[in-house]
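J.: Any chance you can model this:
(chains A, B, C and D)
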There are 2 protein chains.
Amino acid sequence: MTKTTAVHERPILTVDVALLALIDERLHVALAPRATAPFKGRLALPGGYVRVDEDADTEQTARRVLREKLGFEPAHLEQACTESGPARDPRGWSASVVYLALHAADALQPLADDGRISLHDVEALPALAFDHNRLIALAAQRLRAKSAYTSIVAHLLHDEFTIPQVQAAFEAVTGHRMNAANFRRKILETGALKETRIVPAAYRPAQAYRLAEPLTDFGQNLAR
Amino acid sequence: MTKTTAVHERPILTVDVALLALIDERLHVALAPRATAPFKGRLALPGGYVRVDEDADTEQTARRVLREKLGFEPAHLEQACTESGPARDPRGWSASVVYLALHAADALQPLADDGRISLHDVEALPALAFDHNRLIALAAQRLRAKSAYTSIVAHLLHDEFTIPQVQAAFEAVTGHRMNAANFRRKILETGALKETRIVPAAYRPAQAYRLAEPLTDFGQNLAR
DNA sequence: ACAATAGTGTCTTTGAGACACTATAGA
DNA sequence: TCTATAGTGTCTCAAAGACACTATTGT
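T.: Numbering: from 1, shown residues only, chains lettered A, B, ... in the order given. Below is the predicted model of the structure:
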């Protein structure tokens, strides 16, 4: 029961953001080469130190990082997990709070065009800085798990979207092909969607929807 | 784009464990009065600083804390979330990685009897140290959410258990009463359980089971 | 024997899925 | 008018739930 009051070294605390988007039915992640050591020049997730004098919590760190590095506010942001250990950062024992961010791909395209980020298929990544390959795998896994039970995939689309678009996103993320009529009925039953207006589509115009809430829990596996 | 290389103050990193058990069909959490300031004497979750020279990661911190403070290895341990901010700890900007631990209540009873911990109904908690009321709410919410879709509630029982026992735990945690015949069929179908032996029960002896895996994802809401 | 719990059989109803159909645009 | 996509109607079949039943023990 003797408790030493010796000051122990504090670990490093960082935040990393896995910003995912859907391109050609495949999940892509936003990466940028590191500007400084360690892993200088190596591709990495946007991330950085928590600033105790600036950030209200780690979610605000995530938002600040995206704002400062990408000038960008994601459609969806949620905490995924915290990875930690002595070896994942050569600077010392570190913990990184990993955030999952989602956004429509075409809003990210300008950032890719002017070189702030590059977008990479999450299933075909090169060796990244730190343990970022693993962090991305965890974030993608979380997205896939939540996609079956919640309206999360809609955040990969624009603010307004049609039901066929949600279905395409749903199928791309879960890998589960569904009958269009049944998908429509099921997702409407959940109450996750709110009608907005009729929008032009490829041929017949389509009813557009917005999310009724940022995230609706379906209470069931929509794919089954 | 100027990046100051000034050394910023590092935040505090702690781990807190919400050890939950089922007593009389109600979730209880293990708490102990704090031995030191801040919040000296106030009830709190078992927790402590990450030790960079000792802990392989935050999960090992959680295990060490339980071992040192309670002499105890939980049946189930998983990361729940990370809470952070400047105000949650008077010592400074802090982040706490919260772990959810589960165990059979009667294995905790000796610890309660010799005063290492006290067990409190999670729905009737006094004001605790730090933001621990919130952390417990988050951990309990996570348990309830996972209970519908996974075999997690079995970790609130002994290593061997009967199907009526799982059902009682399931109903207590989810609040959803189920028909015994249907519950039996559904949980057996999931493949989460492995027959062990016949054990004496209140009247007719019962088939006992163990978990086939530490955690089976049902792929569907067992309650619906 | 009776009470209490463990476990099975089976009927009914719900809803998931298949699929044929209609609707409305562009080419 | 043909094709591509949006959206509806409806049938079938599997599974969820209700519930009556049997099984095996302690008291």
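J.: Can you name the residues bridging to A:Val199?
T.: Beta-bridge partners for A:Val199, by DSSP bridges, are A:Ala206.
J.: how many neighbours does it have?
T.: Around A:Val199 there are 13 other residues, counting by other CB atoms under 10 Å in any protein chain shown. In this view, the C-beta of every residue, glycine as well, is placed from N, C-alpha and C.
J.: cool, and A:Pro214?
T.: When neighbours are counted by other CB under 10 Å, A:Pro214 comes out with 12.
J.: Does it fall in a helix, a strand, or a coil region?
T.: coil (DSSP: H, G, I helix; E, B strand; the rest coil).
J.: wait, what's in contact with the residue nearest to it when sequence neighbours are not counted?
T.: What sits nearest to A:Pro214 in space, not counting adjacent residues and going by CB to CB, 6 or more residues apart in numbering or on different chains, is A:His76, at 7.2 Å. For A:His76, the contact set (CB atoms under 8 Å, 6 or more residues apart in numbering or on different chains) comprises A:Leu100, A:Ala101, A:Leu102, A:His103, A:Ile152, A:His155, A:Pro214, A:Leu215.
J.: got the residues of chain A near DNA strand C?
T.: A:178-179, A:181-182, A:185-186, A:189, A:200, A:203-205, A:220, A:223-224 (CB under 7 Å from any atom of the strand).
J.: quick one: A:Arg64 is in a helix?
T.: Yes - assigned with three-state DSSP, A:Arg64 falls within a helix.
J.: who's in contact with it?
T.: A:Gly48, A:Arg51, A:Glu54, A:Asp55.
J.: returning to what we had before: if I look at the residue nearest to A:Pro214, what pLDDT would I see?
T.: At A:His76, the pLDDT value in this model is 98.
J.: next helix or strand past the longest strand seen in chain A?
T.: Counting by DSSP state E, the longest strand found in chain A is strand A:12-23. Counting by DSSP states H and E, the next helix or strand C-terminal to strand A:12-23 is strand A:26-33.
J.: And the helix or strand following that following strand, what does it pack against?
T.: Downstream of strand A:26-33, the next assigned helix or strand under DSSP H and E is strand A:43-44. Applying 3 or more CB pairs under 8 Å, 6 or more residues apart in numbering or on different chains; DSSP states H and E, we find strand A:43-44 packed against strand A:26-33.
J.: Can the strand it packs on be said to contact chain B?
T.: No - Strand A:26-33 lies apart from chain B when judged by CB under 8 Å from any CB of the partner chain; the minimum separation is 12.8 Å.
J.: Sheet partners, orientation included, of that strand?
T.: Strand pairing (DSSP bridges) places strand A:26-33 next to strand A:12-23 (antiparallel), strand A:43-44 (antiparallel), strand A:118-121 (antiparallel).
J.: How far does the first one sit from its chain's centre?
T.: Its chain's average C-alpha position is 6 Å from that of strand A:12-23, according to CA atoms, centre = their mean, to the nearest Å.
J.: Keeping just the C-alphas, turn that strand into CSV.
T.: Extracted C-alpha coordinates of strand A:12-23, given in CSV (Å, rounded to 0.1, in the frame of the first residue of the first chain):
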residue,chain,number,x,y,z
ILE,A,12,2.8,11.4,-25.1
LEU,A,13,-0.9,12.0,-26.0
THR,A,14,-1.8,12.5,-29.6
VAL,A,15,-4.9,12.4,-31.7
ASP,A,16,-5.1,10.8,-35.2
VAL,A,17,-8.0,11.1,-37.6
ALA,A,18,-8.9,8.5,-40.1
LEU,A,19,-10.9,10.5,-42.6
LEU,A,20,-12.7,8.0,-44.9
ALA,A,21,-14.6,8.6,-48.1
LEU,A,22,-16.2,6.5,-50.8
ILE,A,23,-14.6,6.5,-54.2
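J.: I'm done for today, thanks for sticking with me.
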